[in-house]
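[1] need coordinates for the below:
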Amino acid sequence: MRNNLNKISIVGTNGVGKTVFVTVWAKSLEKKERGQPFIVPTPQTYAYIERNWLQRLKNGLWPESTPQSEFIELKWTLSSPGGAKSEISVCDLAGHDIRRLYAGDEPKISDESSKTIYDSIESANIILLIVNLKDFITADDSLRIENTTNLLSMLKHFFSKKKTVALLFSQWHEYEAWVNGKGGLDKVLETYLPSVQNACSLHGENVNYFMISAVVQTVRSVDDHGNTTILPAPNFSSSGFLKLNQWLTGNEETYKSLNHMYVRSMAAILSITFGAVYTSHLMVLHGERPKIEFWYIQMCIGTTAGLQLIDLAFRKLIDKNGLFEHNKTISIIFLTMMLFGIVFGGLIIEWVGGDLIFGFCIGGVIGGVIASVISEHFTISK
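    Residues are numbered from 1 along each chain as shown. Purely as a prediction, here's the structure:
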């Protein structure tokens, strides 16, 4: 795990969704899948997660909040795709206790309970700090000031202790369109949380942002008194956990590197294929055979077989742990650019009086190279 991490602490004020996050996050790591980390919980942790999952979330109910002045310590053994094993301890803490503990320039340890919570957070190497934008966007001035003060106090203390901090923006699906309409997250932070943005900028190497939605689909429930409540929908989905898990297990850079290697390999095989096609074309002309569609058939078969071969070789020889996951974006980019290259390359070469098939081939190569450059800017996700 990155930086020999052996403990994570989840921190956030009341109402940001700590308990829901912990439950859904643990379930997302429960199933062992190729190329993904997985966890093995302690018996007590297993019982806590399953109660929240089966008795609450799966029945359309939110988990009960952590009682004030109490904290629940959850422990797992995490295995990364590379085979490394680490012990993770996550403390689910009552939000009101966090708000009191970090209410000023220095943590306020007033009793044994607050000291226990403080010590638990202090022992963590990474802090997952959950933030809900509603606490700063829709809150009245007094509450917004209080929430911002708490957030700044926590960040100041964590940074002074050289901790790595990840800001998890919860319920992201509710704000994503609004944030994009405002010009992106940086613009929103600049407008609503400038002091927080400045604090994070000063410690950029220790701050990471993740957009998380533990429960994307919800339903409205109306009781007998006409009160409306938002509840988890049956078979709800989640988003944002994949990137967080990759970051926690130190595979993010490896994942990007594999992406770059893959698209470059595809560009190389396309170049070789089109070169072989044109060589065959010259052989056909030299042998005075009919110029039927032999070159076109060979190009299609060769390109398809070549891409399949490079994909297989890549996964068997390079990506042995299955970190890379192909998606349709790269295939569409390569196919589109290749076809445009073939068409325009052939037309241009023929227009200047050159060999049409040479134009097709050189256009396809250029299209493949352009496609590889474009594809390297995409982060592949499941």
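[2] rest of the way, CA atoms for contacts and neighbours
    Fine.
[3] check contacts around Val16.
    Shown in contact with Val16 (C-alpha atoms under 8 Å, 6 or more residues apart in numbering): Ile130, Val131, Asn132, Ser170.
[4] bridging residues for the second one?
    It stands for Val131. Note on Val131: beta-bridge partners by DSSP bridges are Phe169.
[5] what is the neighbour count of it?
    Neighbour count for Val131, taken as other C-alpha atoms under 10 Å: 25.
[6] relative to Ser142, how far out is it?
    18 Å (C-alpha to C-alpha, to the nearest Å).
[7] re earlier: any chance of the contacts of Val16 in CSV, with distance to Trp247 too?
    Shown next, in CSV, are the contacts of Val16 (distance: C-alpha to C-alpha, whole Å):
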residue, distance to Trp247
Ile130, 16
Val131, 18
Asn132, 21
Ser170, 17
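[8] can you pull the pLDDT of His157?
    For His157, the pLDDT comes out at 89.
[9] pretty sure it belongs to a helix, no?
    Yes: when DSSP: H, G, I helix; E, B strand; the rest coil is applied, His157 is found to be in a helix.
[10] ok, now which ones touch it?
    By C-alpha under 8 Å, 6+ apart, the neighbours of His157 are Glu106, Pro107.
[11] likewise for His203?
    Counting by C-alpha under 8 Å, 6+ apart, His203 has contacts Phe159.
[12] what do you get for the one 10 residues further on?
    With contact set as C-alpha under 8 Å, 6+ apart, Ser213 has these partners: Ser170, Gln171, Trp172, His173, Ser238, Ser239, Gly240.
[13] ok, for it, nearest residue in space, not its chain neighbours?
    Gln171 (4.6 Å; C-alpha to C-alpha, 6 or more residues apart in numbering).
[14] tell me the SS of Val219?
    Under three-state DSSP, Val219 comes out as strand.
[15] would you agree it is in contact with Phe236?
    No: assessed by C-alpha atoms under 8 Å, Val219 is found out of contact with Phe236, at 10.1 Å.
[16] who touches both of the two?
    By C-alpha under 8 Å, 6+ apart, no residue touches both Val219 and Phe236.
[17] return the helix or strand in the protein with minimum mean pLDDT.
    helix 294-313 (a mean of 59; mean pLDDT, DSSP states H and E).
[18] one step back: local confidence estimate at the residue nearest to Ser213?
    Predicted confidence (pLDDT) for Gln171: 91.
[19] my read: Ile98 touches Gly15, true?
    No: using C-alpha under 8 Å, Ile98 is not in contact with Gly15; the gap is 11.7 Å.
[20] next one: phi and psi at Trp79?
    That one is not Trp; residue 79 is Ser. Dihedral pair for Ser79: phi -110, psi 120, per degrees, to the nearest 10.
[21] what is the neighbour count of it?
    20.
[22] can you pull up the bridge partners for it?
    As for beta bridges, Ser79 partners with Phe38, Lys85 under DSSP bridges.
[23] looking at it, the residue nearest to Ser213 is touching Gln217, isn't it?
    No: at 10.4 Å, Gln171 does not count as touching Gln217 under the criterion of C-alpha under 8 Å.
[24] neighbour count winner among these two?
    When Gln171 and Gln217 are compared for neighbours, Gln171 comes out ahead with 23 against 15, by other C-alpha under 10 Å.
[25] coming back round to it: most neighbours, which of the contacts of Ser213?
    Ser170 (25 neighbours).
[26] how near is it to Val16?
    Where Val16 is concerned, Ser170 sits at a distance of 7 Å (C-alpha to C-alpha).
[27] common neighbours of these two, please.
    Ile130, Val131, Asn132.
[28] if I look at the closest residue to the first one other than its chain neighbours, how far off is Val219?
    Once its chain neighbours are removed from consideration, Ile130 has its nearest residue in Leu168; the separation is 4.6 Å (C-alpha to C-alpha, 6+ apart). In this view, Leu168 and Val219 are 23 Å apart by C-alpha to C-alpha.
[29] before we move on, what about Val131?
    Distance, Val131 to Val219, using C-alpha to C-alpha: 23 Å.
[30] before we move on, what about Ile127?
    Taking C-alpha to C-alpha, one finds Ile127 at 31 Å from Val219.
[31] quick one: which of the two has more around it?
    Per other C-alpha under 10 Å, whichever of Ile127 and Val219 has more neighbours is Ile127, with 22 against 12.
[32] which parts of stretch 191-202 are buried?
    Leu193, Ser195, Val196, Gln197, Cys200 (16 or more other C-alpha atoms under 10 Å).
[33] which residues touch the third one?
    With C-alpha under 8 Å, 6+ apart as the criterion, the residues that contact Val196 are Thr148, Leu151, Leu152, Leu189.
[34] CSV please, covering these and showing secondary structure, pLDDT and distance to Ala103.
    Shown next, in CSV, are these (DSSP: H, G, I helix; E, B strand; the rest coil; pLDDT from 0 to 100; distance: C-alpha to C-alpha, whole Å):
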residue, secondary structure, pLDDT, distance to Ala103
Thr148, helix, 90, 10
Leu151, helix, 90, 9
Leu152, helix, 90, 9
Leu189, helix, 91, 21
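[35] can you pull out the strands in this structure?
    Using DSSP state E, the strands of the chain run over 8-11, 38-41, 71-79, 85-93, 126-131, 164-169, 207-211, 218-222, 228-232.
[36] mean pLDDT lowest where, among those?
    strand 85-93 (a mean of 71).
[37] picking up where we left off before, now, which of the contacts of Val196 sits nearest Thr45?
    Each of those was scored against Thr45 by C-alpha to C-alpha, and Leu151 proved nearest at 28.1 Å.
[38] gap between the closest one and Phe158?
    Distance of Leu151 to Phe158, computed by C-alpha to C-alpha: 11 Å.
[39] among the two, which residue is more densely surrounded?
    Leu151 (23 against 19).
[40] now the more buried one. Nearest residue, chain neighbours left out?
    Going by C-alpha to C-alpha, 6+ apart, Leu151 has Val196 as its nearest residue, at 7.5 Å.
[41] reformat the shared contacts of Ser170 and Val16 as a markdown table; add distance to Leu57.
    A markdown table is the format used below for those (distance: C-alpha to C-alpha, whole Å):
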| residue | distance to Leu57 |
| --- | --- |
| Ile130 | 20 |
| Val131 | 21 |
| Asn132 | 20 |
